[in-house]
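Enquirer: model this:
(chains A and B)
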Amino acid sequence: MLLLSAPFDPGALTPARRPARAYAQVVGAVALLVAAGLGWEWAGTFPALGHALASGAVHGGLLALGWLLATDAASGWSGPVLRLGAMQILVSIIARLQPLGALAFLVVPGALLLEGRRQSRLRAIGLGGARPAHALTGLAAGALLGAHLLVTASRTFGYRPQTGDLPGYLAALAYDVGANALSAEWLFRGAMFSLLWRRWAFWPAALLTTALALLRYLLDPALPHAAEARAGAVFYLSLLGLIGCALRAGSGSLLPGYLAALAFFAAYRMFAP
Amino acid sequence: MIALPAALLVAVALAVAFADQGPASVLRHLYLAPTLWAALARGAIGGGVVGALAGLLHAPVVLPAVERDGLTSQTLDGLLSLGLPIVAGLIVGRLVDGSRARAARLAAVLAIQRRLDGPEALEDKLVGVARELRTALRARRLALLVGADVRTAHLVSVPVGTLVDADSAAAFALASGQRVSSAELAADPRVRTNEPVGPTPLRALALPLVSGAGVVGVMAVEWTGELSRATRAAAEALALHMGLAVANMHLTLRQHHFAEELAEKVTAATTRLRELDQAKTEFLSVVSHELRTPLTALQGFSELLLRSALPADRAQRCLVYLHTEACTLGRIVGELLDLSRIEAGRPLELRPEAVDLAELIERNLEIFAAEHRAHHFHWTSSGAEVALRADPDALDRMVKNLLSNAVKYSPRGGQVCVSACPAVDQPGMIELAVEDDGVGIPADQLPRIFDKYVRVPHPETAATRGLGLGLSLVKALAEAHGGRVEVDSLPGKGSRFRLLLPGANLDF
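Expert: Okay, here's the model as predicted:
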C-alpha cells in the first residue's frame, strides 16, 4: 500500500512540462506531409496517391500524438513514431493502388502492439487484453448503436443500406480496423482519456475527450456534408465516444471500446458510397 | 439487475411500434416504468443507461415524424419524450444512490461502533473495523494507523501485510494532521515509488483521525478507478467518526483499566480488613487468655496467702510466683500500651543511656536457656566493643521478642544462635543477629511479618501462643532508636533476624 510504504515528500514539485519540441516536430511533419499529399492531389497526377499520402499522414500523426502523450515524449520516441507513421502512409497508398490493398490496414494493429510491447508506459493507456465479458459488452454496445443508426437513418431519411459492393465494404472495414477506429481509440480513449482521468473525475475527462474526438470527425473531409449526416455524426459519435470512455474505464483496456467502434462503423459503412 | 428492465423496455418499444400512434403516443409514457425500475435497482448508472436506451428505441418513431411533419406540437412532444426517460432515470437513480450511500454510511458507523464496543482484543477490533470501512467505501486497500506516533501506533490493513515507512504519506498525515489526497498515486510526484502506472488510476486518501485530544491516528484508503464525490465525502465522514470512536475506545480502555485496578485494590483492602478483623478477634482471644493466666495465678496465690497461714518457705515461694506473674502481666500490659501508642501515632517514650549489649544478651540467654532447656543457645561476640546508647527496657524487649520468636518457631532441640558486632555494611551501626533453624517463613509472607497481629500459619507451630505483636514492636522500637530490623528466611531452613541499631557514638 503506497500510502504507507512509499516515501512521501509533500513539497515535491510536479515534473517538468512535456517537451513541446517533440510535439512540434510531429505536427510539423504531419502538416508538411498533408500539404504535400493535398498538393499532389491538386496537381492531378495520380491524385488518389496524394490523397492516400495525406490520409496516411493524418492517421500516422494521430498515432504519433498518442504515443507522445502516453510516453510523455520519453527518449526513444522517434523510432516507433516514424515506423508507425511510415506504415500508415504505406498501407494507405497500398489501399489506393489495389481494390483489396486495403487489407494491408489489418497489419497496423499488430504492428502497433509489437511497438507498444517494448514501451512499458503504454500499459497505462490500456494497451492490454480485456476480459471476454468486457469485449462482448463493447461489441454489443457498438452493434446496438449501429443497428439504431441503420433503423433511424433508413426510416427517417430514406437511406438504404448498400450490399452490392462487398470489396468496397471490406476495404472500408479494413480502413476502420487499421486507421480510423484504431487511431481514434489510441489517441482519444487511450492517451488522452487516460491522461485526463488520472487527474480528473470520469465525466470531465470523458466529455473533453469525446468533444475532441468529435471535432476530429467533424473536420474529416470524408464526412458527408448533408446536415442530417453531421447531426447524426454529432449524436452517434458522442454516444460512441462516451461509451468508449466508459468501456475503457470499466475494463482497463482499449479493446472493448475499439470493438464497439468497429461494430458501429461496420453498420455505418453500409451507407457509405 | 438491469436485464429485466431492459426486456420490459423492448416490450414497450414493440408495443409503441405496433400501436403506430405516432411520436406522441400515450404508450410512450410506459418507457418510464423500466427506466425507473432500473434506477431503483441500479442507481444513476442503471437509470441513465435504460433511459438512454428508451430514448434510442423511441427515436425511430419520433425522427421520421419530425422529418415528415416538421416541428408540430405532437413532434415536439415526441422529441421531449426522447430525453425525458434519461433525465428521469438519472435523477431518480442519483436520489437512490444518495440514499443508499447514506444508509451504507450509517450502517458502517453502527458496525464500527459495535466492533469497537465488542469484547475482542484491540487488534481484532481494529481489523474488524478496517474490514467494515473497506466494504463501506468499496476500497481496494484500507489501513488504520491508531496512535499518535507512527513508530508505536497500531497498524491494521486490509488486505494484511503492509509495512509502514516513517516518511510515508500516512506518517505525514499523522504527524501534521493534514489530509493527503492523490488522484493517481503511482504517478504522484510527491510519492517516490517504482510501481508502474496501471491502466486504471490508483486514487488515495490519507485522512487524519482527529478527536478532542488531537490526531489519534490515520485512515489510509486506496481505490482503483473512479472515486466519486459521495465516496470521498463518505470517507471523510467515516474518518471523523473513527477519530471520535478511537478516542472513545481509548477512554473506555482507560476506564476498564481503572475499574480493574480499583477492583483489585478494593479486593485487597477487603481481604486485608478481613485479615485484620480476624487477627483482632484472635488477638482479643489470645490477649484475654494471656492476661487471664497471670491473673489467675495472682488470684490463686494471693488467696492462698490470705486464707492460710503458710509456712515461711512456702509463703516465700508463693511471693516469688506472685512476683513472676505480676512481671508477666506488666510485660503484657507494657506491650499493649506500646501498641496503643504506635496505633495512635504517638512516639514511644524512650530513655536512652549507655547499654552494654553483650551483658544484656548474656543475661537474656541465661533466662531463656533456663526456661527452654530443650533448645541450644549459642552466643557469639565479635570481641569488639558493642556499646549502645539505647533505652535499656526497649532494647531488652527487642532482644526478648527476637529470642522468643526464635524459640517459638524452631523445633525442640533446635539451635538458636545470637551474635553481636559492628555492622560491616553499615558504618556506625551495631548489628544484633538472632538465627534459628526453625520452620522458616514463606517468601510471600516476608513483607507482612512486621505488621501487627500477623502470625504466619504453619502446621508445626499452630499450637504456639502469641499476640502477633512481637515483631511489629521490635520494628517500631528499632525505628524509634534510628535503626531497623531485617529478615532473611527460607521455608524449612530457618530464619535470621538482623537488628541494626546506632552505636554509642551515634545519636538517635
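Enquirer: Now do B:Arg94, the pLDDT please.
Expert: At B:Arg94, the model reports a pLDDT of 93.
Enquirer: er, B:Asp393 I mean
Expert: For B:Asp393, the model assigns a pLDDT of 86.
Enquirer: Now for it, how many residues are close by?
Expert: 13 (other CB atoms under 10 Å in any protein chain shown). For the C-beta atoms, the positions are set from N, CA and C on the backbone; glycine is no exception.
Enquirer: those helices in the stretch 301-450 of chain B, which residues are they?
Expert: For the stretch 301-450 of chain B, the helices defined by DSSP state H, counting those that start in this stretch occupy B:312-344, B:357-371, B:392-408.
Enquirer: Within range of chain A, give me the residues from the stretch 201-350 of chain B.
Expert: Within the stretch 201-350 of chain B, the positions near chain A by CB under 8 Å from any CB of the partner chain are B:Pro201, B:Leu202, B:Ala204, B:Ala206, B:Ala220, B:Val221, B:Glu222, B:Gly225, B:Glu226, B:Leu227, B:Ser228, B:Arg229.
Enquirer: So which of these wins on neighbours?
Expert: When neighbours are counted by other CB under 10 Å, B:Ala220 leads these with 30 neighbours.
Enquirer: coming back round to it: just the helices of the stretch 301-450 of chain B: most buried one?
Expert: Most buried of these by mean neighbour count (mean count of other CB atoms under 10 Å in any protein chain shown) is helix B:392-408; its value is a mean of 21.
Enquirer: From the rest of the structure, what touches that helix?
Expert: With contact meaning CB atoms under 8 Å, 6 or more residues apart in numbering or on different chains, helix B:392-408 is reached by B:331, B:334-335, B:348, B:350-351, B:353, B:355, B:357, B:360-361, B:364-365, B:368, B:372, B:375, B:388, B:414, B:416, B:418, B:432, B:434-436, B:438, B:461, B:464, B:466, B:470-471, B:473-474, B:477-478, B:480-481, B:495, B:497, B:499, B:501.
Enquirer: right, and A:Trp197 touches A:Gly250 too?
Expert: No: assessed by CB atoms under 8 Å, A:Trp197 is found out of contact with A:Gly250, at 11.7 Å.
Enquirer: And the two? Which one has more around it.
Expert: More crowded of A:Trp197 and A:Gly250, by other CB under 10 Å: A:Trp197, with 24 against 18.
Enquirer: Helix or strand for the more buried one, just tell me which one.
Expert: helix A:193-199 (DSSP states H and E).
Enquirer: Now which of the contacts of helix B:392-408 would you call buried?
Expert: B:335, B:348, B:350, B:355, B:357, B:360-361, B:364-365, B:368, B:372, B:375, B:388, B:414, B:416, B:418, B:432, B:434-436, B:438, B:461, B:466, B:470-471, B:473-474, B:477-478, B:480-481, B:495, B:497, B:499, B:501 (16 or more other CB atoms under 10 Å in any protein chain shown).
Enquirer: picking that back up, strands - which of the residues of the stretch 201-350 of chain B next to chain A land there?
Expert: B:Leu202, B:Ala204, B:Ala206, B:Ala220, B:Val221, B:Glu222 (DSSP state E).
Enquirer: okay, these in CSV with pLDDT next?
Expert: Below are these laid out as CSV (pLDDT from 0 to 100):
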residue, pLDDT
B:Leu202, 93
B:Ala204, 95
B:Ala206, 95
B:Ala220, 94
B:Val221, 95
B:Glu222, 94
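Enquirer: Distance check, the spatially most central residue of chain B against chain A.
Expert: Central residue of chain B (CA atoms, centre = their mean): B:His257, 3.4 Å from the mean position. Per CB to the nearest CB, to the nearest Å, B:His257 is found 29 Å from chain A.
Enquirer: Save the helices of the stretch 301-450 of chain B as CSV, and put in distance to A:Leu255 too.
Expert: Below are the helices of the stretch 301-450 of chain B laid out as CSV (distance: least, CB to CB, whole Å):
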stretch, distance to A:Leu255
helix B:312-344, 94
helix B:357-371, 105
helix B:392-408, 96
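Enquirer: Out of those helices, which is closest to B:Arg140?
Expert: helix B:312-344 (71.5 Å; CB to CB).
Enquirer: list the helices and strands the closest one packs on?
Expert: Helix B:312-344 is packed against helix B:229-307, helix B:392-408, helix B:470-480, with contacts defined by 3 or more CB pairs under 8 Å, 6 or more residues apart in numbering or on different chains; DSSP states H and E.
Enquirer: 7 Å instead?
Expert: If you count contacts as 3 or more CB pairs under 7 Å, 6 or more residues apart in numbering or on different chains; DSSP states H and E, helix B:312-344 packs onto helix B:229-307, helix B:470-480.
Enquirer: weakest of the helices of the stretch 301-450 of chain B in terms of mean pLDDT?
Expert: For these, mean pLDDT drops lowest on helix B:312-344, to a mean of 82.
Enquirer: Spatially nearest residue to A:Gly138 (excluding sequence neighbours)?
Expert: A:Pro256 (3.0 Å; CB to CB, 6 or more residues apart in numbering or on different chains).
Enquirer: I'd guess the one you found is in a strand, am I close?
Expert: No: counting by DSSP: H, G, I helix; E, B strand; the rest coil, A:Pro256 is not found in a strand; it is helix.
Enquirer: how about it, what does it touch?
Expert: The contact partners of A:Pro256, taken as CB atoms under 7 Å, 6 or more residues apart in numbering or on different chains, are A:Ala130, A:His134, A:Ala135, A:Thr137, A:Gly138, A:Leu247.
Enquirer: Then B:Val355?
Expert: B:Val355 neighbours (CB under 7 Å, 6+ apart): B:Leu388, B:Ala390, B:Pro392, B:Leu395.
Enquirer: Let me know the pLDDT of residue 99.
Expert: Just going to use chain A. Note on A:Pro99: pLDDT of 75.
Enquirer: Wait, chain B was what I had in mind.
Expert: pLDDT, B:Ser99: 92.
Enquirer: what number of residues lie near it?
Expert: By other CB under 10 Å, 11 other residues sit near B:Ser99.
Enquirer: try the one 4 residues further on
Expert: The number of residues packed around B:Ala103, counting by other CB under 10 Å, is 10.
Enquirer: Quick one: low-confidence residue ranges for the stretch 151-300 of chain B.
Expert: Within the stretch 151-300 of chain B, no stretch has pLDDT under 70.
Enquirer: wait, the stretch 151-273 of chain A
Expert: Along the stretch 151-273 of chain A, segments meeting pLDDT under 70 span A:272-273.
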